[in-house]
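Asks: the following block contains a protein sequence and its predicted model.
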Amino acid sequence: MPHWLDLMLTSLPTLLWAGVKFTIPLTLLSFAFGITLGLITAVTRLFAAKPLVLIARFYVWVIRGTPLLVQLFVIFYGLPSVGILLDAFTAALIGFTLNVGAYTSEIIRAAISSVPKGQWEAAYSTGMNWSQAMRRTILPQASRVAVPPLSNTFISLVKDTSLAAAITVPELFQSAQRIVATTYEPLILYIEAALIYLALSSILSNLQSRLETRFGRYGGMLEANR
């Protein structure tokens with residue numbers, strides 16, 4: 001067996017375990033919390049009082065205008081100087097959540113704004129209040145617009161979690177770095193890590209296509225029932 005293949009097969013269980021234990025949970029939790037934060041931020045920017053709107057805009061401006069890696073360093077290495085100590089996984093989770101929240105808020109805000117005002121009027125005419133109209137009428141239609149870019153954000157997040165290696169989270173990429181430190185085979189190990197990320201992204205892209213098809217059919221049903 002070639003040396004490179006033997007090395008890849010030997011290191012594969014370690015890399016996969018790091019992905020299952022850290023990369024996937026970090027991705028899922030960050031996206032779940034981030035999309036919730038994004039929805040709150042989007043609704044705040046569209047419907048809240050001006051002071052809250054300004055706070056939401058400032059948050060989005062800061063997060064979108066600074067590199068994710070810098071944000072992670074500020075949270076993990078910077079906050080201890082003011083007495084806030086966080087373990088690496090928690091710091092990464094907070095950093096990715098804030099980042100995802102800022103970007104998804106713009107996606108969700110645009111999706112909600114794309115729903116015609118007549119849909120609000122139709123919902124109110126049936127006796128719905130604002131929250132009922134939002135939940136039953138506006139968000140289902142906005143989701144048709146939001147799903148493709150949100151799916152792209154999720155796929156990007158899977159790859160971005162490799163940045164957590166910079167703050168010592170033992171996820172997939174840092175596990176590859178640790179193996180490199182003992183085998184001195186960076187090319188083989190980094191290619192293997194890249195292939196694993198590629199496989200995850202390919203699986204998610206396939207699921208995204210199916211989800212978009214499903215939402216497309218749902219959207220057609222909505223159009224037919226109008």
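Replies: Thanks, I have it. Fair warning: this is a prediction, and the values are worked out from it, not measured in the lab. Residues are numbered from 1 along each chain as shown.
Asks: by mean pLDDT, flag the weakest helix or strand of this structure.
Replies: Sorting the helices and strands of the chain by mean pLDDT, DSSP states H and E puts helix 186-225 at the bottom, at a mean of 81.
Asks: centre of the chain to that one, how far?
Replies: Helix 186-225 sits 13 Å away from the centroid of its parent chain (CA atoms, centre = their mean, to the nearest Å).
Asks: mind listing what's buried along it?
Replies: Under the neighbour-count criterion of 16 or more other CB atoms under 10 Å, helix 186-225 has 188-189, 192-193, 196-197, 200, 204, 208, 215, 219 buried. The way it works is simple: take the backbone N, C-alpha and C, and place the C-beta from them, glycine included.
Asks: same for the strand or helix carrying Leu28, what does it pack against?
Replies: Using DSSP states H and E, Leu28 maps to helix 24-47. Helix 24-47 sits against helix 50-64, helix 88-114, helix 139-160, with contacts defined as 3 or more CB pairs under 8 Å, 6 or more residues apart in numbering; DSSP states H and E.
Asks: follow-up on the earlier one: other SSEs contacting the least confident helix or strand of the chain?
Replies: Using 3+ CB pairs under 8 Å, 6+ apart, helix 186-225 is in contact with helix 3-18, helix 139-160, helix 172-183.
Asks: can you give me how far the helix holding Leu28 is from the chain middle?
Replies: For helix 24-47, the distance to the chain centre is 8 Å (CA atoms, centre = their mean).
Asks: turn the helices and strands packed on helix 24-47 into CSV, including distance to Lys21, mean neighbour count and mean pLDDT.
Replies: Converted to CSV, these look like this (distance: least, CB to CB, whole Å; neighbours: other CB atoms under 10 Å; pLDDT from 0 to 100):
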stretch, distance to Lys21, mean neighbour count, mean pLDDT
helix 50-64, 27, 14, 97
helix 88-114, 10, 21, 97
helix 139-160, 15, 18, 93
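Asks: rebuild these as JSON lines, extending it with distance to Val169.
Replies: Shown next, in JSON lines, are those (distance: least, CB to CB, whole Å):
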{"stretch": "helix 50-64", "distance to Val169": "20"}
{"stretch": "helix 88-114", "distance to Val169": "5"}
{"stretch": "helix 139-160", "distance to Val169": "12"}
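Asks: pull up the gap between Phe96 and Met128, please.
Replies: Phe96 sits 35 Å away from Met128, going by CB to CB, to the nearest Å.
Asks: same question, Trp4
Replies: Using CB to CB, Trp4 is found at 62 Å from Met128.
Asks: could you do Leu29 as well?
Replies: With CB to CB as the criterion, Leu29 and Met128 are 33 Å apart.
Asks: just Met134 next, same as before
Replies: As judged by CB to CB, Met134 and Met128 stand 9 Å apart.
Asks: before we move on, the earlier item: for Leu46, which of the helices and strands packed on helix 186-225 is the nearest?
Replies: Nearest to Leu46 among the helices and strands packed on helix 186-225 is helix 139-160 (10.9 Å), distances taken as CB to CB.
Asks: that closest one to helix 88-114, inter-axis angle?
Replies: Between helix 139-160 and helix 88-114, the angle comes out at 150 degrees (axes from the mean of the first three to the mean of the last three CA atoms, to 10 degrees).
Asks: remind me what helix 139-160 packs against, helices and strands.
Replies: On a contact count with 3+ CB pairs under 8 Å, 6+ apart, helix 139-160 meets helix 24-47, helix 88-114, helix 186-225.
Asks: ok and that helix relative to helix 186-225, angle-wise?
Replies: If you take the same axes, to 10 degrees, helix 139-160 sits at 180 degrees to helix 186-225.
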